[in-house]
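Asks: sequence and predicted structure below; questions after.
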Amino acid sequence: MRGILCIGLVICFTVGCLLITPATGEMQIWSTSTVLAYETTVRPERECVGRDQESRFDFDARMYSEATLEDNFCGSSLLVVLNRETTFNHLSSFDTLRQNRFSGVNAYSISELTSLTREVVYLQRVERRMHSFRYAGGIQDEPIVEDEDFRSIVRITLNIDCRENVLRYIRLLKRREYILYVGPNFIHEIVEDVSDRNVDDCTIETNIFEPLSKIDWNMLRTNAPQAHRIATGLGGGVTVGIIDTGIDGTHPSLIPNLNNHLHRVFQGGRMSSISVPNDSGNHGTRTAGVVRKVAPNANLVSLRVDEVRDGNIVFFSDNVILAVNHATANGIDILNYSARARCRVTNTAPFNDPALAHAINLFPGLFVAGAGNDNRSNDTTPF
């Protein structure tokens, strides 16, 4: 078995992490006091041992946005999850969907955020007729994606940037039977590092079998040395996607671990390729450095999703969905996400983003997200 260690501080130097099991959709807070390691095969089982089927994420549930002007979201776009019938009626081509499904909305453009996954699902269904599935050059019994769970996620870009219009269009579209969910394009903030350490604090060469120094506080806090003793492979053969501000592709400690074929930049609801990744704020590089220390043989992929808004680095839901879609279609095993959403008025972080939840729950690997950054347990109020 090829394994990887996934420690609470892999995410964003917090005291805990949020693990979302794709098979169930259940969000679990694993504190660093109880979690030493998470070990997974390259293609983890979709069924979660010990969980009954009633807890499985319901891909057909209609969800209604409760967003208000107090929430932090973009005024120029909204996100839509289509139902199963509409999704599969347009599986081979998305173009015909644009013509009449979103009448009444003053839209500048309509695009699909899950196009790569849709292509995989379409090919799987074609190959099913040929009685074989192909993955990574071989034959396998299971599909890459559970195609019956796939639902298209659409981004509608508006002609006018107006948050009130976003809420008005949500009320209009949620009445249509072919829409499972319509909601804002939420703005997420980076879960900031609680230390003032620079990038090298998490990426300097360290022998993981030697005693750790005090600058390796994140490794000590998560009991990484104990985890290393029970791990197999130390991440060899496993690919970890860092959804963040990017990774410094010239950093000497990280170059050996970078998979330069899969790096992507997601901005403005669009994806672009990049051979040598860069980092806009060092946060993604520090996070990648923690992953490398925990799992020194793992492959790292930069999935940069940051944009600048009012002088601050933020992440938008649509870009994160694109990143998850890219990972799903390209066999990335683990995704690491370092952001959260907050209410603009109360500054609290309750979060409900069904569009992003759909993308995460279709992802066949492990999705790890920040569980707060306040040096306290939040088990009773996740994320």
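Replies: Happy to help now that I have it.

Asks: domain parsing for this structure?
Replies: With domains defined by automatic domain parsing, the chain comprises 8-58+190-370, 73-187.

Asks: where among those domains is the average confidence lowest?
Replies: For these, mean pLDDT drops lowest on domain 8-58+190-370, to a mean of 71.

Asks: does Phe367 sit in a helix, a strand or a coil?
Replies: strand (DSSP: H, G, I helix; E, B strand; the rest coil).

Asks: same deal with Ser76?
Replies: Put simply, Ser76 is strand when judged by three-state DSSP.

Asks: equivalent analysis for Thr117, please.
Replies: helix.

Asks: so which residues of the stretch 251-383 of the chain form helices?
Replies: All helices of the stretch 251-383 of the chain, identified by DSSP state H, counting those that start in this stretch, fall at 283-294, 317-329, 354-362.

Asks: CA-only coordinates of the second one in CSV, if you can.
Replies: Yep, that's helix 317-329 we're talking about. Extracted in CSV, the C-alpha atoms of helix 317-329 (Å, rounded to 0.1, in the frame of the first residue of the first chain):
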residue,chain,number,x,y,z
SER,A,317,-16.2,29.8,-4.9
ASP,A,318,-16.2,29.4,-8.7
ASN,A,319,-12.4,29.2,-8.9
VAL,A,320,-12.3,26.7,-6.1
ILE,A,321,-15.0,24.6,-7.9
LEU,A,322,-12.9,24.7,-11.0
ALA,A,323,-9.8,23.5,-9.1
VAL,A,324,-11.8,20.6,-7.6
ASN,A,325,-13.1,19.8,-11.1
HIS,A,326,-9.6,19.7,-12.5
ALA,A,327,-8.4,17.4,-9.6
THR,A,328,-11.4,15.1,-10.1
ALA,A,329,-10.7,14.7,-13.9
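
Asks: okay, the angle between it and helix 354-362?
Replies: Going by axes from the mean of the first three to the mean of the last three C-alpha atoms, to 10 degrees, helix 317-329 is angled at 10 degrees with respect to helix 354-362.

Asks: quick one: Leu69 and Cys162 touch, right?
Replies: No - Leu69 lies out of contact with Cys162 (C-beta atoms under 8 Å); the separation is 11.0 Å. Where you see a C-beta, it was placed from the backbone N, CA and C, and this is true even at glycine.

Asks: any residues in contact with both of these two?
Replies: Common neighbours of Leu69 and Cys162, counting by C-beta atoms under 8 Å, 6 or more residues apart in numbering, are absent.

Asks: out of the helices of the stretch 251-383 of the chain, which comes closest to Glu148?
Replies: helix 354-362 (10.6 Å; C-beta to C-beta).

Asks: can you list the residues that contact that closest one?
Replies: By C-beta under 8 Å, 6+ apart, helix 354-362 touches 20, 22, 25, 57, 59, 63, 65, 79-81, 113-114, 117, 145-146, 149-151, 153, 180-181, 183, 186, 317, 320-321, 324-325, 328, 367.

Asks: in strands only, show me the residues you listed.
Replies: Among the contacts of helix 354-362, the ones falling in strands (DSSP state E) are Ile20, Leu79, Val80, Val81, Ile153, Leu180, Tyr181, Gly183, Phe186, Phe367.

Asks: got TSV for these, with distance to Pro296 too?
Replies: Output for the ones in strands among the contacts of helix 354-362, formatted as TSV (distance: C-beta to C-beta, whole Å):
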residue	distance to Pro296
Ile20	25
Leu79	37
Val80	42
Val81	39
Ile153	35
Leu180	42
Tyr181	40
Gly183	40
Phe186	35
Phe367	22
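
Asks: quick check: the gap between the residue lying closest to Ile274 once chain neighbours are set aside and Arg84.
Replies: Nearest residue to Ile274, sequence neighbours excluded (C-beta to C-beta, 6 or more residues apart in numbering): His263, at 5.1 Å. In this view, His263 and Arg84 are 33 Å apart by C-beta to C-beta, to the nearest Å.

Asks: now do Leu158
Replies: Taken as C-beta to C-beta, the span from Leu158 to Arg84 is 27 Å.

Asks: quick one: the strands in the stretch 151-300 of the chain?
Replies: Ranges of strands in the stretch 151-300 of the chain, per DSSP state E, counting those that start in this stretch, are 153-158, 179-190, 239-244, 264-267, 270-273, 299-304.
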